[in-house]
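1. predicted structure and sequence below. I'll ask about it afterward.
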Amino acid sequence: MKMKLKMKSRTYWGGAAFLACLAVSGPALAEDVVSLGDTVINLAYALDTFYFLMSGALVMWMAAGFAMLEAGLVRSKNTVEILLKNIALYSVASIMYLVVGYNIMYGDGNGVIPGIGFFLGADHTAADVLASNGETYYSSMSDFFFQVVFVATAMSIVSGAVAERMKLWAFLAFAVVMTGFIYPVQGYWKWGGGFLDGLGFLDFAGSGVVHLCGASAALAGVLLLGARKGKYVSGRIHAIPGCNLPLATLGTFILWLGWFGFNGGSELKISNIEEANAVSMVFVNTNAAAAGGLVAALLFARAWFGKADLTMALNGALAGLVAITAEPLTPTPLVATIVGAIGGLIVVTAIVFIDKAKIDDPVGALSVHGVVGIWGLIAVAFTNPEGSLVAQLTGIGVIFAWVFSTSFIVWFVLKAIMGIRVSEEEELEGCDISECGLDAYPEFTKD
Amino acid sequence: MKMKLKMKSRTYWGGAAFLACLAVSGPALAEDVVSLGDTVINLAYALDTFYFLMSGALVMWMAAGFAMLEAGLVRSKNTVEILLKNIALYSVASIMYLVVGYNIMYGDGNGVIPGIGFFLGADHTAADVLASNGETYYSSMSDFFFQVVFVATAMSIVSGAVAERMKLWAFLAFAVVMTGFIYPVQGYWKWGGGFLDGLGFLDFAGSGVVHLCGASAALAGVLLLGARKGKYVSGRIHAIPGCNLPLATLGTFILWLGWFGFNGGSELKISNIEEANAVSMVFVNTNAAAAGGLVAALLFARAWFGKADLTMALNGALAGLVAITAEPLTPTPLVATIVGAIGGLIVVTAIVFIDKAKIDDPVGALSVHGVVGIWGLIAVAFTNPEGSLVAQLTGIGVIFAWVFSTSFIVWFVLKAIMGIRVSEEEELEGCDISECGLDAYPEFTKD
Amino acid sequence: MKMKLKMKSRTYWGGAAFLACLAVSGPALAEDVVSLGDTVINLAYALDTFYFLMSGALVMWMAAGFAMLEAGLVRSKNTVEILLKNIALYSVASIMYLVVGYNIMYGDGNGVIPGIGFFLGADHTAADVLASNGETYYSSMSDFFFQVVFVATAMSIVSGAVAERMKLWAFLAFAVVMTGFIYPVQGYWKWGGGFLDGLGFLDFAGSGVVHLCGASAALAGVLLLGARKGKYVSGRIHAIPGCNLPLATLGTFILWLGWFGFNGGSELKISNIEEANAVSMVFVNTNAAAAGGLVAALLFARAWFGKADLTMALNGALAGLVAITAEPLTPTPLVATIVGAIGGLIVVTAIVFIDKAKIDDPVGALSVHGVVGIWGLIAVAFTNPEGSLVAQLTGIGVIFAWVFSTSFIVWFVLKAIMGIRVSEEEELEGCDISECGLDAYPEFTKD
Amino acid sequence: MKKIEAIIKPFKLESVKEALTDIGITGMTVSEVKGYGRQKGHKEVYRGAEYNVEFNPKTKIELVVAGEIADKVVEAIRNAANSGKIGDGKIFILPVEDVMRIRTGERGKEAI
Amino acid sequence: MKKIEAIIKPFKLESVKEALTDIGITGMTVSEVKGYGRQKGHKEVYRGAEYNVEFNPKTKIELVVAGEIADKVVEAIRNAANSGKIGDGKIFILPVEDVMRIRTGERGKEAI
Amino acid sequence: MKKIEAIIKPFKLESVKEALTDIGITGMTVSEVKGYGRQKGHKEVYRGAEYNVEFNPKTKIELVVAGEIADKVVEAIRNAANSGKIGDGKIFILPVEDVMRIRTGERGKEAI
Ligand SMILES: Nc1ncnc2c1ncn2[C@@H]1O[C@H](COP(=O)(O)OP(=O)(O)O)[C@@H](O)[C@H]1O
Ligand SMILES: Nc1ncnc2c1ncn2[C@@H]1O[C@H](COP(=O)(O)OP(=O)(O)O)[C@@H](O)[C@H]1O
Ligand SMILES: Nc1ncnc2c1ncn2[C@@H]1O[C@H](COP(=O)(O)OP(=O)(O)O)[C@@H](O)[C@H]1O
């Protein structure tokens, strides 16, 4: 990677070179101005691309966040399997979205039926970019990278909700369909310029397209899967404490950090004053909403249960993040804090009621990403002048209907073919031994 | 977030568009040069803003570092509470600094008495920026984001020192005052352009404004709080080993990484050759100082105690980072390494003597951020030609006096109102159960 | 760090200032164009430098990844020591490379015998940069920073292979020679423009210069060190499970993230369209290869052992990353996925056979970085038109021969002088107590 | 007085505890142990190397009771812990000479 | 010879150990156990669902001593472990038929 | 029937288990304990403060056997666990009145 060897010969604007032609008149000068202008376009393209890549890297990091969060909230006997599911689903998503997902989501469909295609085309040539008059302003490969990590996020949401009882291979089989087809289709409807986008449905970074989507798929799975053995016995709810709360906290911090890329990158451009201000506003609001969510959830849980429940506080922060994701740009930081705080209150309530409804969600994914995702989408109608409640509700309905129904079918088929739940025996001794043949913490005594 | 939909209509410099007017003469050309120049200013503004946001994200990540470091160095029975304190204080800081802190720190005061204001104003308009002739060169929102994470850092320092015995809610109440008032006031005195700045007191990234500040507040709390039960019995010092050293090490690595944003971002500009070189130098020196601190502390601990104490090595790395923070730009990398190494030697000594003085600091925060923070500020007098020992000592005195005294009062009042220490019973069974109602590691047997 | 105080007085291009001279004619205009051109060069320099620093920070983060991965795969009684080795080796590398390594690697040698020098020179002046006509386009300090983290990576590879039995101080002594001399010399041969580079040996980001290098040094150490007590007893292989798989998984995620800086930064330039596209392609391919490696290793392990071995899956992802590192730019994402997948198949096989050969490598470093590093270098001959199998094989041979032989000598001398292996007693009770005097998890019962 | 030690499968603890409280037992001490017996352990594979985990996790219940109710207690434990599968465990009855309640210093049956 | 098993509160271990060494006891074996008894456990709330932790952490001390000093030992333990609060624990005395020191093969009292 | 409790060094467990199976023992229960005895613990330093870890990790093996083979078992354990170093541990022999196999309800020797 030695610098001197890699320097391209192509010559860009060089002040030195230019001093020579100071004397020369109009035309020559004009040419220099053109070459200079082209250099500036090159620079802007490079900056926007770099901003994309950094944002994408931060979102990729969220995969680690989900893995740690979930590994911390399950029991030790199911830890290896949840870790494996998380890192494997990220890999599956990376491959499936490359093979076909991206083309479905950003191909040319008719608004409802998406187009289809495979793999990635060549990147923009310099000539095209210069000729595009600003229309083409960053690498399509960087766009793919930024998009692919989003799919993984949606799928990560599922793994938490079905934890501690779903078969590894059934889960990965679902991941193939989810990341290659289910997610891209609804993604096309909104971000691909499909009919939802036409309807004026607003979803800045994916409270709906990513979070509600993931939660809807998870719900379908959970309903077909049933609760963990021992969770609801003779009508009573049994708490099943997570085995490693430092991991869960680390996971939340990772997600919080990654979210700056998730929302910040979704502005899609930073190379001028307005855009730079916009991205900055998104960063500030994203942070404010998370803080608001955590504080609200913490106080609420304390008031309700008499204890400062760390796991609720963590879910509160995530709720704040999910809530602001649909519109992190237009609200003021104060409003963003409030939007997040409401998300925090909602998530605590949702977790308790979903539990009472005997829907077993070990990590609270349905509440955080589903219920609060809906809140975030509705909030747009109030925080963004261009937002309309009708459009938002339509979007919510469409995304849920599509993802839930298709997921339900896929889960159902998987259940019929290979089964989606481990045997009672295996569940008792833990999925780690039966599915992975390993203990997560072999040296530490367990209950 | 679909690109095509978000593209602003505003047209910027486009080579293609320009080719058309090649023929045209002077004035037209001149206009193009102007529009081109504006585009360049836009770009520089975007780059500096992006640099700010990335630096801020790295500093935000330090909050996770403190959480992991502290969770690793306390006993398992107090782990949930320290995790909660850390993530909650970050949230409180984010809100309080947004509400009022930022305005106190960067409002217009008379040099001693700061101004006051609430929430954030609008960002710079493109017109203002273009008219500012380079004075205004990055988003004020990105500035806020970069500043807010610093407050959290200062507050994180406190949580470690008072760990394992302070009440959660008293701690958070203190955080409100600290992040909304105490920190911003002294921040104003230096970075807000107050009298300390006028005196020529130098503190590049906050060895004083952030680290000494946090340590001074911590000291006041520790003195009023007393040592953990069983730490000093009948004159003998009892070691209370941290329960999870991999977490402590992870935390140190996180802090090390985040520090590149902490110091690197404090150059505040990167968009030209001199600034880019400066930021690079800061990165190199920050890394060198940390390395020097770790090696020095490791060798010193080995020589002194006969064992290669990992926790001392970790504190050594942090000491190196704190030491260089006051001036990471002017010293050569070799000098930076030495400044860090001296920090490493100091921290080991300080930890032992503070312990002998029966001041109980579970994680060594007073030594790392306080004692070494002072060393870092003094070092400036020797590593920066513009530095003066008198000014540095004045700054140290002022910051300590202000933060210690105000903090002492706040802690004192809290002690009177609600009490700051958990009951002996609760301390024995651990704060996790009594305050949070959870175990951090419920499945793993404890001593 | 108050902005207003740090603003340089130097005036750059300002549209406002410019409006004044709209009237003026040719020459004045020309001057403005020059000053504008210089500003653009400044900007490009700043962007490339920033890109370097961010990439370097990501690579630095890999040090944490190795620490967590290794801490997760050893037994709890050797955890403190492996953590200490990892963070200490990073520090030693930072210092040694600063003192002399960098100068050996990028000094002026004769192609075989490198030059020598100490510490770092001054950075480029603005004048030089402007005069360089694009040749000099980023800060030399940022270059150093990016380079130094690579050395640490190579050394981190060693620590894993010799874990659980090597003396701490012997290891660190080796680190001094490795990072100050052995690595830089072969680095010079390739990236410093030495004879390997002349031969057309291609190694984009270091499958050979970094990974094979680290593995070769590790192999020499392992051979002299022997297997852990109890690993191979009476011809039977005894599994020694890692004690904390969540840590190992976290480490893998960290490495995956850091690798974007490792490969992405090795393009060395991003400030124009072609380069921005190139960096983007590198990101996409790096991610694709890791995903391919994980999936392939997971399926292969499942088929072979009947269990979905998480540790093999993690090694598979790392294998994919190592495999693509030699050429992440020219292959299409699909090809990159395949290159990674083959790496995943190779690593599983290699781990099993190296184990059968009674070469004890607790974390699989020899297989991941050595065997797969070689595969990555060979693959270049097929994925890069400019690649030649002969040149690649030569490079592999030279790097291995040099690093293995010199390392062997150093290990041998260390063994003679101070011994490289802990006593049987110490190994039984664990290195943590004997070498560091600490337990990693003092409160949790161990087998 | 007798000391009864029962080695049971961990997931049976809850029902055994209930069975015992049902017959009026107010105290017991529980610990985690590893058992070796007819029930064979399971195979694990770690990085290609197979190995047997020969010890199965078990829970040990210790309680001291008045001699006359010992059999009743043994029966209660057996009924609650029995799943008919190999590995259900064992119950041992040992003689106890005396008992003291630390708090009160009481001795003998009163102390139980 | 007698075997004395004491179930005490964990934080009392230090003082009990000292009390025993004071009366010349040179060996004992300690383990972590969970206790069920009059002392009720505590409530925890996890994500809104309350649950009782009915078992309290206890420490079990086992030591074998010569019959004649058994009472002395029991008293020593009691005095050191007694806090007068419910949950202080129990002491059981069991008969031991023989003892062997592995290192030397000694038997009987010499082996203790 | 007798109950044999052996306190041994953890790393001896494997060989003791083998020695026992060699003489036909089919069941045993193992737990982790901490031992205090002649073998002194080790010093640790934590952040400059020295402290003694007075308890050494030990493994406790409990097995109930028919009275007549008790001595054979004790010998087997001793030979396998003996390293001649201080801290090798102890073997205690206690009387057992009855045994029940939970699965079958068998009593006495058949249940072992
Ligand atoms: N002789 C023995 N002494 C002590 N514990 C025993 C003995 N035999 C069995 N156990 C314990 O009982 C458990 C169950 O015994 P096992 O033979 O596996 O099944 P079962 O009790 O159905 O015959 C073993 O895991 C072990 O903990
Ligand atoms: N019958 C018993 N057999 C065995 N252990 C017992 C018995 N009764 C109590 N224990 C142990 O003693 C501990 C303290 O007993 P508890 O009834 O809670 O208080 P107290 O000893 O003050 O009456 C219990 O937690 C349990 O571990
Ligand atoms: N009187 C005793 N009662 C119960 N356990 C004992 C007794 N004496 C020793 N032990 C156990 O045996 C272990 C070894 O004893 P120790 O005195 O250290 O060495 P040795 O057995 O060689 O004399 C101790 O760690 C302790 O666990």
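-> It's in. Ligands and ions are numbered 1, 2, ... in the order given.

2. which residues does residue D:97 contact?
-> The contact partners of residue D:97, by CB atoms under 8 Å, 6 or more residues apart in numbering or on different chains, come to D:1, E:2, E:93, E:94, E:95. Backbone N, C-alpha and C define where each C-beta goes, glycine included.

3. what do you get for residue A:72?
-> Listed by CB under 8 Å, 6+ apart, the contact set of residue A:72 reads A:242, A:243, A:244, A:245, A:246, A:247, A:248, A:249, A:250, A:251, C:246.

4. now check stretch A:318-327, is it near chain B?
-> No: using CB under 8 Å from any CB of the partner chain, stretch A:318-327 stays clear of chain B, with a minimum separation of 8.9 Å.

5. and the contacts of stretch D:19-29?
-> Residues external to stretch D:19-29 that are found in contact with it (CB under 8 Å, 6+ apart): D:17, D:61-63, D:65, D:69, D:72-73, D:76-77, D:79-80, D:112, E:7, E:33-38, E:58, E:60, E:90.

6. out of those residues, which touch chain F?
-> Near chain F, by the rule CB under 8 Å from any CB, you find residue D:77 out of the contacts of stretch D:19-29.

7. hmm, which of the contacts of stretch D:19-29 are the buried ones?
-> With burial judged by 16 or more other CB atoms under 10 Å in any protein chain shown, the buried subset of the contacts of stretch D:19-29 is D:17, D:61-63, D:65, D:69, D:73, D:76-77, D:80, D:112, E:7, E:33-37, E:58, E:60, E:90.

8. could the contacts of residue A:72 go into JSON lines alongside distance to residue A:42, neighbour count and pLDDT?
-> Converted to JSON lines, the contacts of residue A:72 look like this (distance: CB to CB, whole Å; neighbours: other CB atoms under 10 Å in any protein chain shown; pLDDT from 0 to 100):
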{"residue": "A:242", "distance to residue A:42": "50", "neighbour count": "29", "pLDDT": "96"}
{"residue": "A:243", "distance to residue A:42": "52", "neighbour count": "28", "pLDDT": "96"}
{"residue": "A:244", "distance to residue A:42": "48", "neighbour count": "27", "pLDDT": "98"}
{"residue": "A:245", "distance to residue A:42": "49", "neighbour count": "26", "pLDDT": "98"}
{"residue": "A:246", "distance to residue A:42": "46", "neighbour count": "27", "pLDDT": "98"}
{"residue": "A:247", "distance to residue A:42": "44", "neighbour count": "27", "pLDDT": "98"}
{"residue": "A:248", "distance to residue A:42": "45", "neighbour count": "25", "pLDDT": "98"}
{"residue": "A:249", "distance to residue A:42": "43", "neighbour count": "31", "pLDDT": "98"}
{"residue": "A:250", "distance to residue A:42": "40", "neighbour count": "28", "pLDDT": "98"}
{"residue": "A:251", "distance to residue A:42": "39", "neighbour count": "27", "pLDDT": "98"}
{"residue": "C:246", "distance to residue A:42": "44", "neighbour count": "27", "pLDDT": "98"}
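
9. now for the contacts of residue D:97, which pair is the farthest apart?
-> D:1 and E:2 (14.2 Å; CB to CB).

10. tell me if the helix or strand hosting residue A:322 is near chain E.
-> Assigned by DSSP states H and E, residue A:322 belongs to helix A:310-325. Yes: residues of helix A:310-325 contacting chain E under CB under 8 Å from any CB: A:311, A:312.

11. which helices and strands sit right next to the following helix or strand past that helix?
-> Remark: after helix A:310-325, the chain's next helix or strand is helix A:333-356, criterion DSSP H and E. Applying 3 or more CB pairs under 8 Å, 6 or more residues apart in numbering or on different chains; DSSP states H and E, one finds that helix A:333-356 contacts helix A:273-305, helix A:310-325, helix A:372-383.
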